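Asker: sharing a sequence plus its predicted fold:
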Amino acid sequence: MSVSRSRYRERSVNYWPGFVDALATLLLAIMFLLSVFVLAQFLLSQEITGKDEVLNRLNSQIDELTALLALEQANKQDLEDNVANLQASLSSSQDERSRLEEMLASGSDDTEQTEERISSLTTRIDEERQISQRALSQVELLNQQISALRRQIAALEDALDASEERDRESQTKIADLGKRLNVALAQRVQELNRYRSDFFGRLRAILGGRSDIRIVGDRFVFPSEVLFSSGAAELNENGKTEMLKVAEALIQIGSEIPDDINWVLRVDGHTDNIPLSGTGRFADNWELSSSRATSVVKFFIEQGIPANRLVAAGFGEFQPLVDEDTDEARAKNRRIELKLTER
């Protein structure tokens, strides 16, 4: 009898440890999957705004969930293989029991020994059926989890598509607004250029084509000697006369410029490169150029030009028209520039 039991044990295969390991791995994977799912739901609800960062996170989540899906499918396959092995073992045990029952019925073997083997086989068959049933239940649960995971991936992909669509719509709107803004700005620039041309034309007519007053680009250039005494920052009488002409032209053209064009007249003061003596009123050419520009601006304000339409700036000797160290070059560099521009 003991010899028969030994042979039986040698023929039997114990699948239980492998099944336990597979089940433990499966449960850990499912727990991790649920954690990722909860985190993905939270991030999705909090951060899906159509921005690039959110789109990148959604793509990353989809990649992670896809990887987990592949892992769960592999675990499912392993579990199904274990179930198949259990069912094969169960079938083998049932065949062995049938054979022993036939032997018992025919009386061709020791009855007591055969009955014991049949009882042992019956116990084993019951255990394997229970294990197989639990494994099948786990396979079904895993199938449900995989289906849920696929639905979540589909939902994330739908959310990603929606975010990308919103982003494309936003980009289209931004591009359209940019085009419209550029067109509007171009129109405003063209309008201001037209008024600037009118202003310069009127100044030319008013100033009588004086050779010492020039137009350089988009600026009227007045030599400092026309407006100020040497080393002084207050307009002399001749300077007031000339600037009064400018003020009258500016008031007239300013009344014609639409209110939505935010224009200013910029008054820039420039000096030559000869340093000032330390005993004078001004410490350096910065102060002299700034004070001269400010004097012109204050004179314009006295004539009725709004202060918010005027800007005074001093550049000292650092923006020369002629970069030469000659008396003629220095005379050209000492100047007041007027520029009608946008704020």
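Answerer: Received, thanks. Residues are numbered from 1 along each chain as shown.
Asker: which residues touch residue 271?
Answerer: 224, 285, 288, 289, 316, 317, 333, 334 (Cβ atoms under 8 Å, 6 or more residues apart in numbering). To be clear about C-beta, it is placed using only N, CA and C from the backbone, and glycine gets the same treatment.
Asker: looking at these, which has the most residues close by?
Answerer: residue 289 (28 neighbours; other Cβ atoms under 10 Å).
Asker: helix/strand/coil for that residue?
Answerer: For residue 289, the assignment made with DSSP: H, G, I helix; E, B strand; the rest coil gives helix.
Asker: how near is it to residue 89?
Answerer: From residue 289 across to residue 89, the span is 102 Å (Cβ to Cβ, to the nearest Å).
Asker: go on, residue 214?
Answerer: Using Cβ to Cβ, residue 214 is found at 107 Å from residue 89.
Asker: on that earlier part again, quick one: which of the contacts of residue 271 is nearest residue 65?
Answerer: Ranked by distance to residue 65 (Cβ to Cβ), the contacts of residue 271 are led by residue 316 at 66.1 Å.
Asker: and that closest one, that's in a strand?
Answerer: No: applying three-state DSSP, one finds residue 316 to be coil, outside a strand.
Asker: doesn't residue 270 make contact with it?
Answerer: Yes: shown here, residue 316 and residue 270 form a contact pair, counting by Cβ atoms under 8 Å, at 7.4 Å.
Asker: so for the two, which residues contact both of them?
Answerer: Common neighbours of residue 316 and residue 270, using Cβ under 8 Å, 6+ apart, are residue 289.
Asker: hmm, residue 292 and residue 228 touching each other?
Answerer: Yes: Residue 228 is within contact range of residue 292, at 6.0 Å (criterion: Cβ under 8 Å).
Asker: so between those two, which is more surrounded?
Answerer: Between residue 228 and residue 292, residue 292 has the larger neighbour count (other Cβ under 10 Å), namely 29 against 24.
Asker: that one: helix or strand, and which one exactly?
Answerer: helix 285-302 (DSSP states H and E).
Asker: next, count neighbours for residue 98.
Answerer: Using other Cβ under 10 Å, residue 98 is surrounded by 12 other residues.
Asker: er, residue 257 actually
Answerer: Residue 257 - counted by other Cβ under 10 Å - has 19 other residues nearby.
Asker: any idea how far residue 310 is from it?
Answerer: Distance of residue 257 to residue 310, computed by Cβ to Cβ: 14 Å.
Asker: thank you, goodbye.
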